[in-house]
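> Predicted model and sequence below, questions to follow.
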Amino acid sequence: MLGTDRRHVAVGVREAAVCAAAALVVATLAVVGLWLGDFPLRVDEVLGVLGGRIGGLTRTVVLEWRLPRVAAAVAFGAALGVAGAIFQTITRNPLASPDIIGLANGSFSGMLIALLLLGGGWHLLMLGSLLGGLLAALAIYLLAYRDGLSGFRFIVVGVGVSSMLAATNTWLLLRADLETALFAAAWGAGSLNTATAEVVWPAAGVVLALLAVTPLWAAALAQLELGDDVAAASGVAVDRSRAILVLIAVALVSAVTTVAGPISFVALAAPQIARRLVRAPGLPLAATAGVGAVLLLGADLVAQHVIPLTVPVGVVTVTLGGGYLLWLLVHEIRRTRWSTS
Amino acid sequence: MVDQLNARLRAENVTLRYDQRIVSEELSFAVPDGSFTVLIGPNACGKSTLLRALSGLLRPAAGRVLLDGSDLGGLPAKERARRLALLPQTMTAPEGITVRELVGRGRYAHQRVLRRFSHADEEAVESALAATGTTELADRRADELSGGQRQRAWIAMVLAQETPLVLLDEPTTYLDVAHQIDVLNVLHRLVTRGRTVVAVLHDLNHAARYATHLVAMRDGRIVAEGPPASTVDTGLVTEVFGMPNQVVPDPVTGAPLVVPADTREPRFPGRPHATSRGVPGAVRPPEQGSVGRPTG
């Protein structure tokens, strides 16, 4: 939110500073991501390729082997962060992230059905994942809607739907042959190992397009923080704006999940971390995208290079997420106790 | 006094309901332009529901609400919000928001897609802060304010919307009496500056003092409406609230003052309360004049 008066400018400057810092960290981590790997390179070789001065095998390694994965981590991290911010704002609850309310499980269900019943192929998997996420969101929305949308009911219904979908996924996997089941299980842990150029560029394109239209709805999203009634009275077409924002968030999560599987924690934590950094009321979307990119890229580097054996990035984020969730719950309980006393 | 057909905001034969529960049927009502209209009535009589319908938040199941002659339901949300503002009963202040930022949120309907704070926005915010006496609180966080201060900040947000019509659903509930009067004075000042105010109030005596047009509702119907002086009497209060009462002139303004009859159970059977005027031990004090104290 930019403005001419002092306070608005202060928040605007802080958010710009957070975004710039996030961009710097992302750039640094990206160079590290392009540099490290089985094929040994020097940092100046990486920079040389990026500057267009070095070609040949080095260029192939950097731009074709490693860049898709780094780009995926950046775009997907931003996508998950923004999707989380949208859900958390609409439900007015910091626990309402797409991984908790079952969108990722829905995407996984859709993908499994496409894989097991229809035979697969990336386009089919992508479509299955998108439809699965949308249907899960629609089911939660309809089950939780009663004279308006209560954030708490949305989350409880979402957790229920999530559990049912997880059970369905297990059942689907049990029916699959071993090879398919192994592939699906690896994907189900949330990994960027499968992030090859062929699948990353279309998914990243979808993500960027969605992120580009999100600012058009940012002001309406900010009004929704005040409660549905205030938002409506102040001039927001609440039902329509909310439906469009949910659609954007679901599409973002589905695009990510199709390529990388369900990656937890980023959508949950990035908006809250960004809000604390910017010290703004509400969740700042641009800063959230930056923090999300830093989180996922950082977690993927840890998964690939810090831990002795290569683990899926989902394992790293879920470990971070457990700790974060615990902290958030303690914080929320304290806050509730203070405000009621 | 009410020109039914020329009023800017009116409801025509509306049926209002939530899911299957019908609140009002075939209700018609016009808000007199430039009035301070106050809706009163017992809990669940449909006054808040009527206010929601008048504000466009609740679509009538039948009939229509007209704003400047056109159907409210057909107006784009932003267009509606430039003419009519509502302070609902429940609202949430985002954690850490300052009063000035909160008031600024009232400018949504006046801003373009990628919001920029214009000078008009800034002026509207400053004058809304001034009108509600919250200028000194502008840089404080809304969650650090007292209940009365926060309510005035929310009213400032509604004022920043700069609409000719302002609707408020129980703006004084949960406030202590001094803050209630503060809020009502703010609303009174709006009316004297030419805006039309519609509010749901619980306190009959505040309603009778501040309203220029009083509307009494019961069971989803309008029982009586008009200027308080010619509307509020013992019979109406009994009919609307089912409460024995006396109506006396307000010693300060002369407006009707509703005093509930003493319906307490006597502490000693057969004796009046010690607070009632009368000779101790007398079974019943003699009936007093209409301006005297209520009797037991």
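Everything's here; your move. Residues are numbered from 1 along each chain as shown, chains lettered A, B, ... in the order given.

> How about the helix or strand where B:Val103 lies and chain A, any contact?
Assigned by DSSP states H and E, B:Val103 falls within helix B:99-104. Yes - judged by CB under 8 Å from any CB of the partner chain, helix B:99-104 comes into contact with chain A at B:100-101, B:104. All C-beta atoms are positioned from the backbone trio N, CA, C, and that covers glycine.

> In this structure B:Val259 contacts B:Pro249, no?
No - checked against CB atoms under 8 Å, the pair B:Val259 and B:Pro249 is beyond contact range at 11.0 Å.

> how about stretch B:102-119 as CSV, C-alpha atoms only?
Extracted as CSV, the C-alpha positions of stretch B:102-119 are listed here (Å, rounded to 0.1, in the frame of the first residue of the first chain):
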residue,chain,number,x,y,z
LEU,B,102,-8.1,1.9,9.5
VAL,B,103,-9.9,5.2,8.6
GLY,B,104,-8.1,5.1,5.3
ARG,B,105,-9.7,1.8,4.5
GLY,B,106,-13.0,3.7,4.2
ARG,B,107,-11.7,5.2,1.0
TYR,B,108,-11.9,2.0,-1.0
ALA,B,109,-14.9,3.0,-3.0
HIS,B,110,-13.1,6.2,-4.1
GLN,B,111,-9.9,4.5,-5.3
ARG,B,112,-8.8,2.9,-8.5
VAL,B,113,-7.7,-0.7,-8.9
LEU,B,114,-4.1,-0.2,-8.0
ARG,B,115,-4.8,2.0,-5.0
ARG,B,116,-3.0,5.2,-4.5
PHE,B,117,-3.8,7.6,-1.7
SER,B,118,-4.8,10.9,-3.3
HIS,B,119,-5.1,14.2,-1.7
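
> Same question for that stretch: list its buried residues.
B:102-111, B:115, B:117 (16 or more other CB atoms under 10 Å in any protein chain shown).

> again, but for stretch B:87-99
Here stretch B:87-99 shows B:87-88, B:91-94, B:96-99 as buried, counting by 16+ other CB under 10 Å.

> surely B:Thr15 meets B:Gly46?
No - at 11.3 Å, B:Thr15 does not count as touching B:Gly46 under the criterion of CB under 8 Å.

> Would you mind telling me which of the two has the busier surroundings?
B:Gly46 (22 against 16; other CB atoms under 10 Å in any protein chain shown).

> Over in the stretch 151-296 of chain B, which residue gets nearest chain A? Let me know.
Closest approach between the stretch 151-296 of chain B and chain A, counting by CB to the nearest CB: B:Gln161, at 6.5 Å.

> So for that residue, what's the pLDDT?
pLDDT for B:Gln161: 95.

> what's the spacing between it and B:Val183?
17 Å (CB to CB, to the nearest Å).

> For these two, indicate the residue with more neighbours.
Each of B:Gln161 and B:Val183 has its neighbours counted (other CB under 10 Å); B:Gln161 has more, 26 against 20.

> And chain B, split by domain according to the record?
Chain B breaks down by automatic domain parsing into domains covering B:1-83+B:163-237, B:94-160.

> in the stretch 151-300 of chain A, which segments are predicted with low confidence?
Scanning the stretch 151-300 of chain A for pLDDT under 70 picks out no residues.
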